[in-house]
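# below is the sequence, then the predicted model.
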Amino acid sequence: MRSTIGTAPGAPHIPFNSTPLRRLLAGWTAEARPGRVPPAPADDAVAERLGQWLAWTDAVDLSAALVQPPAPVADGATGAPPVAVLAQALTRLQADMTRQITTDPVYLPGQASATTAPGLAGEDEVAPYRRAAQARQRAMAAAVPPLRARLRAALAAGSPAQARLAALDATLEAALAGRERSLLAGLVAPLAQRLRTLRDSGDPGWRLRFHQDQQQLLLAELDLRLQPLHGLLDALRQEAA
């Protein structure tokens, strides 16, 4: 089972520590501020303040999901898809999102050129990358939750322990969705700073590196968004084994 945030053992949710996204952002900060200790990335602060994120009504719902027995499911009435079908759907989703990120036309050679003075990053230069990143974020936000719901429904149709895990995941998703959405939307903000850092580095291949960095950022975000789904799938596989 992947490392996750959650009260119950194996409870799937987005892990905010030790992720590719965290390491990538920390590296960017270190490059932009050589010789200085970079501040903790936003995901560290989120992990430390997770309790502050939960309103008291969310805490009540979470407590109920942990202690209340799940509703029984009648034999033969679940219609839950096989684990293999859900695993294929997750693999396909990850592959589709990865392809969209790595083949985005904005990252093709010659699509943009450095036209602003050193030390500056004009909005005209950054805007195409910002729009591309936001488009990919919207695509992920639209595609990931439906499959997460399918995985959760399959768990809810399983054993009592699986059903309780599904209820916990639903409660956590509802409680933290707004904060997670705000945090991930903020990942677009460092684009101008990153472009400026690389362009002023003197590296003639800075533009290609910038393109690769932006793709890596989006791939790391995709990994972060999909980790709850992998956790749910792992729980289904454990029961089927």
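Yes, it's here.
# and the gap between residue 129 and residue 210?
Going from residue 129 to residue 210 by C-beta to C-beta, to the nearest Å gives 8 Å. Yep, even glycine has a C-beta here, placed from its N, CA and C like the rest.
# mutual contacts of the two, please.
Listed as contacting both residue 129 and residue 210 by C-beta atoms under 8 Å, 6 or more residues apart in numbering are residue 195.
# what's the least confident helix or strand in the chain, going by average pLDDT?
The helix or strand of the chain with the lowest confidence, counting by mean pLDDT, DSSP states H and E, is helix 42-48 at a mean of 45.
# for residue 31, grab the count of nearby residues.
Residues near residue 31, counting by other C-beta atoms under 10 Å, number 14.
# touching, it and residue 196? I think so.
No: applying C-beta atoms under 8 Å, one finds residue 31 not in contact with residue 196, separated by 11.1 Å.
# model confidence score at residue 145, please.
pLDDT recorded at residue 145 is 96.
# which SS state does it fall under?
Taking DSSP: H, G, I helix; E, B strand; the rest coil as the rule, one finds residue 145 in the helix state.
# go on, residue 203?
Under three-state DSSP, residue 203 comes out as coil.
# can you read off the pLDDT for the closest residue to it other than its chain neighbours?
Nearest non-adjacent residue to residue 203, counting by C-beta to C-beta, 6 or more residues apart in numbering: residue 209, 6.8 Å away. If you check residue 209, the pLDDT there is 93.
# how about the host helix or strand of residue 193: buried residues?
If you go by DSSP states H and E, residue 193 is part of helix 191-199. Buried residues in helix 191-199, defined by neighbour count with 16 or more other C-beta atoms under 10 Å: 191-192, 194-199.
# tell me the angle the next helix or strand after that helix makes with helix 191-199.
Later in the chain than helix 191-199, the nearest helix or strand by DSSP H and E is helix 206-240. Here helix 206-240 runs at an angle of 120 degrees relative to helix 191-199 (axes from the mean of the first three to the mean of the last three C-alpha atoms, to 10 degrees).
# packing partners of helix 206-240?
Where contact means 3 or more C-beta pairs under 8 Å, 6 or more residues apart in numbering; DSSP states H and E, helix 206-240 is packed against helix 20-32, helix 83-102, helix 123-156, helix 160-185, helix 191-199.
# and that helix with helix 83-102, angle?
Using the same axes, to 10 degrees: helix 206-240 against helix 83-102 is 170 degrees.
# what about the residue nearest to residue 141 when sequence neighbours are not counted, distance to residue 220?
Spatially, and ignoring its direct neighbours in sequence, residue 141 is nearest to residue 181 (7.3 Å; C-beta to C-beta, 6+ apart). Residue 181 sits 17 Å away from residue 220, taking C-beta to C-beta as the criterion.
# same drill for those two, tell me which one is more crowded.
Set side by side, residue 181 and residue 220 show more neighbours around residue 220, with 18 against 12, by other C-beta under 10 Å.
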